[in-house]
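Peer 1: Below are the sequence and a predicted model; questions follow.
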Number of protein chains: 2
Amino acid sequence: MAEAGVEILCVGTELLLGDILNGNARWIAQRLAALGLPHYRQTVVGDNSERLAMAAREAATRSRVLITTGGLGPTPDDLTTESLAAAFDTPLREHPELWQEIQAKLSSGGRPVAPCNRRQASLPEGADVLPNPLGSAPGMIWSPKPGFTILTFPGVPSEMRAMFQETAEPWLQQNGGTVGVFVSRVLRFSGIGESNLAEQVADLFEGSNPTVAPYASLGDVKLRLTACAASSVEAEALLHPLEADLRQRTGVLCYGSDDDSLASVVLDHLRRHHQTLAVAESCTGGGIGAALTAVPGSSAAFAGGVIAYSNAVKRRQLGVPLDLLEVYGAVSDEVVRAMAEGVRDRLETDWGVAVSGIAGPGGGTPQKPVGLVHVAVAGPDGCESAALRFGERRGRGAIQQLTLIRALDLLRLRLLAQS
Amino acid sequence: MAEAGVEILCVGTELLLGDILNGNARWIAQRLAALGLPHYRQTVVGDNSERLAMAAREAATRSRVLITTGGLGPTPDDLTTESLAAAFDTPLREHPELWQEIQAKLSSGGRPVAPCNRRQASLPEGADVLPNPLGSAPGMIWSPKPGFTILTFPGVPSEMRAMFQETAEPWLQQNGGTVGVFVSRVLRFSGIGESNLAEQVADLFEGSNPTVAPYASLGDVKLRLTACAASSVEAEALLHPLEADLRQRTGVLCYGSDDDSLASVVLDHLRRHHQTLAVAESCTGGGIGAALTAVPGSSAAFAGGVIAYSNAVKRRQLGVPLDLLEVYGAVSDEVVRAMAEGVRDRLETDWGVAVSGIAGPGGGTPQKPVGLVHVAVAGPDGCESAALRFGERRGRGAIQQLTLIRALDLLRLRLLAQS
């Protein structure tokens, strides 16, 4: 299976111990996608010469380019260059000009030159230097056999990124086997599960260019549309009718695209209509406000709110009548409606959103189990509320997150209905 | 090279496109390290049947256990189960009880049962179900050949984690080839940077058992202590003097360990002293309240607060005098102190925490640049405030997060001082 694509090999025992997230693999993957380079595999091995060499030899059987990160430093557990040389039976050769440069860099940075730094000046015979403008560890561009090239980078993200952008990207554009320009669009959905959305648009999954693929995370369902063409204009032209078709089929279920969030979409809508919003949060404890204020410029439409975690705060700061709390309980349509209207009236906004629920793990009863949440939206045309049941087993964080999403979505649908 | 360790294979085109970080690989890697299981390789492939099967066959030549994530959903690009069956020439067989269970789960969650969900009830012949307590996608435990077992998990992190902890960990402890018992402790620090902390304890980094390693992420500095021994009691005995030494050296800078957060530590302290807390948040927009209410049982000490995003809310809901806002501006010691005292008085709590700052990207001036934040803590023994400068370049989310951390830490130090 000669795939002739690009592979990424990340070297570092800290990755195998789970000490750090593999942010380098993600960053390189994003750059490869933007360059239109097919990329089929990522591998992680530890600081172990034999396993590193084996992974490189495997890559040579199926790929055109291998990009490695990590293991270029001066310490004994930095083994990448030597291991790759051994993997392809090639001797190392010191580059005197590289050794000069390493010494100059360390001295100008006020750091002592250690004997172990000298190892960094040796590369396999036939390899070119891949310059490191920020640090002392150089990389290499090396073809140990015809049609297979290795590019090495240090694991320090800032150095890796600078080297990639300055030297590797121009090289990859020339030599990487670019198949065209990829343009992607993510459409974002609310109020529908992944499998139901997938069934509605199943016929579109068959296409090969553009492609459609579904993704889901907690309370968040997405479709990724990707087109490949000779230019970004042509790729956009392929995407456009597909996106229009999907938006037509899904209607208000599609709330936005790409970097949109429910919060940003709601705030945009409020700003365009010169309306304002306040929130009254019990079980989310401020999470809805935090999601709204994560959006730059949110102050144009978001006034603030009340975190009404205790019943005393619900009464005094929102004016929820004591008898509602006593008769219906804090987690009820009656109370959550009074909260939404209370925060809207007291903060003098056009809209008020309120939530009250049982996030758990404690506090549930047979009548009002963990996962039961009431949500209300009070607006110029009245107040609407809903009871949601997320189930006991999801956990506190998920119940809070789903509450936030459903509350913002209820507001979004009300905003759409008024316009 | 029969390594007889554990491998991780993550399946998902979104990983190859760099759309998401591979948090699942990191989490599983951490669990394997804690279980004392050797783990030598991680691989990522896309939603491609042939490449998935090839990666699984390769793993079978060198490892004892393969853990896969992703590709168990109902949509056509979810290919893991079928591809693994094909990789080892094994037919699929529907498990009627699994299909019953999937239908029951979807129905009880109020979701319609789609025909594509039925695929999820089929496993390779001879495979056991690895139950999914949270979602509809079950995994499997399957030995396609002697001495090699595959465990499959969905890509949704909450489901994968629950399945791993409930079913896979006991299985791995029995069958995974543990080399000893690892016990780790994470010590958590606030108010000191990673490099300064590392200098203070540099001599301890030399140890080989137990080991000490520093980690840092935004506003969060940690030391991980790890000991390996024949039993967890012996490993704990190795850890204990090291932990005591570190706590002695670092004093109040060490705020907790393991799953502690600043919020949980502050809430514990308040509960023990029968005291209560309210927050008044401007630039964090509810984030401090959300961090506090993320902790189960927070209602015992946290009353709620006011999200005072606009100046009108600062005046009306917190009683901040208009002349303070006009003379000093909303981002000032004077206003943030009035907010902290206002929220404490109005919500009738013992403590009030307030923040007001410029999170950016807009709104900065030469006198009050983006990244300037004022924080105040009002308590039984008076009010204290501080001006923090996080710099313009960090970005809105980081400024909000650092504000939250520093505000909770200021409260923590005041709570420690009173006791």
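Peer 2: Arrived safely. Quick caveat: nothing in here was measured; it's all calculated off a predicted structure. Numbers count the residues shown, from 1 in each chain, chains lettered A, B, ... in the order given.
Peer 1: Return the residues of the stretch 51-200 of chain A in contact with chain B.
Peer 2: The interface of the stretch 51-200 of chain A toward chain B, taken as C-beta under 8 Å from any C-beta of the partner chain, is made up of A:Arg51, A:Met54, A:Ala55, A:Glu58, A:Ser184, A:Gly193, A:Glu194, A:Ser195, A:Asn196, A:Ala198, A:Glu199. (Glycine included, C-beta is placed from N, CA and C.)
Peer 1: The first one is in what secondary structure piece?
Peer 2: Assigning secondary structure by DSSP states H and E places A:Arg51 in helix A:49-60.
Peer 1: follow-up on the earlier one: now the residues of the stretch 51-200 of chain A next to chain B as CSV including distance to A:Asn311?
Peer 2: Compiled in CSV, these are given as follows (distance: C-beta to C-beta, whole Å):
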residue, distance to A:Asn311
A:Arg51, 60
A:Met54, 64
A:Ala55, 60
A:Glu58, 63
A:Ser184, 48
A:Gly193, 34
A:Glu194, 38
A:Ser195, 40
A:Asn196, 38
A:Ala198, 43
A:Glu199, 44
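Peer 1: Of those residues, which qualify as buried by neighbour count?
Peer 2: Listed as buried from those are A:Arg51, A:Met54, A:Ala55, A:Glu58, A:Ser184, A:Gly193, A:Glu194, A:Ser195, A:Asn196, A:Ala198, A:Glu199; burial here means 16 or more other C-beta atoms under 10 Å in any protein chain shown.
Peer 1: Nearest to B:Val179, out of these: which one, please.
Peer 2: A:Arg51 (17.0 Å; C-beta to C-beta).
Peer 1: pLDDT below threshold where in chain A?
Peer 2: A:1-3, A:109, A:419 (pLDDT under 70).
Peer 1: about what we covered before: which residues outside the helix holding A:Arg51 are in contact with it?
Peer 2: For helix A:49-60, the surrounding residues in contact (C-beta atoms under 8 Å, 6 or more residues apart in numbering or on different chains) are A:7, A:9, A:11, A:41, A:43, A:45, A:66, A:68, A:71, A:79-80, A:82-84, A:86-88, A:144-145, A:148, A:150, B:1, B:3, B:40-41, B:58.
Peer 1: can you check stretch A:84-102 too?
Peer 2: Here stretch A:84-102 has contacts from A:49, A:52-54, A:56-57, A:60, A:68, A:81-82, A:113, A:117-118, A:120-126, A:129, A:136, A:138, A:142, A:144-145, A:150, A:152, using C-beta under 8 Å, 6+ apart.
Peer 1: Could you give the number of residues near A:Arg272?
Peer 2: Other residues within reach of A:Arg272, judged by other C-beta atoms under 10 Å in any protein chain shown, total 11.
Peer 1: who's the residue lying closest to A:Tyr40 once chain neighbours are set aside bridged to?
Peer 2: For A:Tyr40, ignoring the flanking residues on the chain, the nearest one in space by C-beta to C-beta, 6 or more residues apart in numbering or on different chains is A:Gly5 at 4.8 Å. For A:Gly5, the beta-bridge partners are A:Ser63 (DSSP bridges).
Peer 1: ok, now the one 4 residues further on?
Peer 2: Each beta-bridge partner of A:Leu9 is listed here, defined by DSSP bridges: A:Thr43, A:Thr68.
Peer 1: still on that earlier bit, which residues touch the residue nearest to A:Tyr40?
Peer 2: A:Leu37, A:Pro38, A:His39, A:Tyr40, A:Arg41, A:Ser63, A:Arg64, A:Val65, A:Gly177.
Peer 1: can you do 6 Å?
Peer 2: A:Gly5 sits next to A:Pro38, A:His39, A:Tyr40, A:Ser63 when contact means C-beta atoms under 6 Å, 6 or more residues apart in numbering or on different chains.
Peer 1: What helix or strand is the third one located in?
Peer 2: Using DSSP H and E, A:Tyr40 sits within strand A:39-45.
Peer 1: hmm, who's touching that strand?
Peer 2: Against strand A:39-45 from outside (C-beta under 6 Å, 6+ apart): A:3, A:5-11, A:15, A:25, A:32, A:51-52, A:55, B:16, B:41-45, B:51.
Peer 1: mind redoing it with 7 Å?
Peer 2: Residues outside strand A:39-45 that contact it (C-beta atoms under 7 Å, 6 or more residues apart in numbering or on different chains) are A:3, A:5-11, A:15-16, A:22, A:25, A:29, A:32, A:51-52, A:55, B:16, B:40-46, B:51.
Peer 1: the helices in the stretch 201-350 of chain A, which residues?
Peer 2: Secondary structure of the stretch 201-350 of chain A, counting by DSSP state H, counting those that start in this stretch: helices at A:232-250, A:262-272, A:287-293, A:311-318, A:322-328, A:333-347.
Peer 1: re the thing from before, report the buried residues of the strand holding A:Tyr40.
Peer 2: A:His39, A:Tyr40, A:Arg41, A:Gln42, A:Thr43, A:Val44, A:Val45.
Peer 1: What is the nearest of these to A:Val353?
Peer 2: Using C-beta to C-beta, A:Gln42 comes nearest to A:Val353 of the buried residues of strand A:39-45, at 41.5 Å.
Peer 1: Between the two ends of stretch A:88-102, how far is it?
Peer 2: Taking C-alpha to C-alpha, to the nearest Å, the first and last residues of stretch A:88-102 lie 26 Å apart.
Peer 1: for it, which positions count as buried?
Peer 2: Applying 16+ other C-beta under 10 Å to stretch A:88-102 flags A:Phe88, A:Thr90, A:Leu92, A:His95, A:Leu98, A:Trp99, A:Glu101, A:Ile102 as buried.
Peer 1: Could you double-check that A:Leu411 sits in contact with A:Val266?
Peer 2: Yes: using C-beta atoms under 7 Å, A:Leu411 is in contact with A:Val266, at 5.6 Å.
Peer 1: Hmm, A:Gly371 and A:Glu392 touching each other?
Peer 2: Yes: here A:Glu392 reaches A:Gly371: they are 5.2 Å apart, a contact under C-beta under 7 Å.
Peer 1: Neighbour count: those two, which is higher?
Peer 2: Using other C-beta under 10 Å, the more surrounded residue of A:Glu392 and A:Gly371 is A:Gly371, with 23 against 15.
Peer 1: that's a helix at A:Glu199, yeah?
Peer 2: Yes: applying DSSP: H, G, I helix; E, B strand; the rest coil, one finds A:Glu199 inside a helix.
Peer 1: And the closest residue to it other than its chain neighbours, its phi and psi?
Peer 2: Ranked by C-beta to C-beta, 6+ apart and with sequence neighbours excluded, the top spatial neighbour of A:Glu199 is B:Ala114, at 4.9 Å. Dihedral pair for B:Ala114: phi -100, psi 150, per degrees, to the nearest 10.
Peer 1: for the longest helix along chain A, packing partners?
Peer 2: Counting residues, the longest helix found in chain A (DSSP state H) is helix A:396-418. With contacts taken as 3 or more C-beta pairs under 7 Å, 6 or more residues apart in numbering or on different chains; DSSP states H and E, helix A:396-418 sits against helix A:262-272, helix A:287-293, strand A:351-357, strand A:372-379, strand A:382-389.
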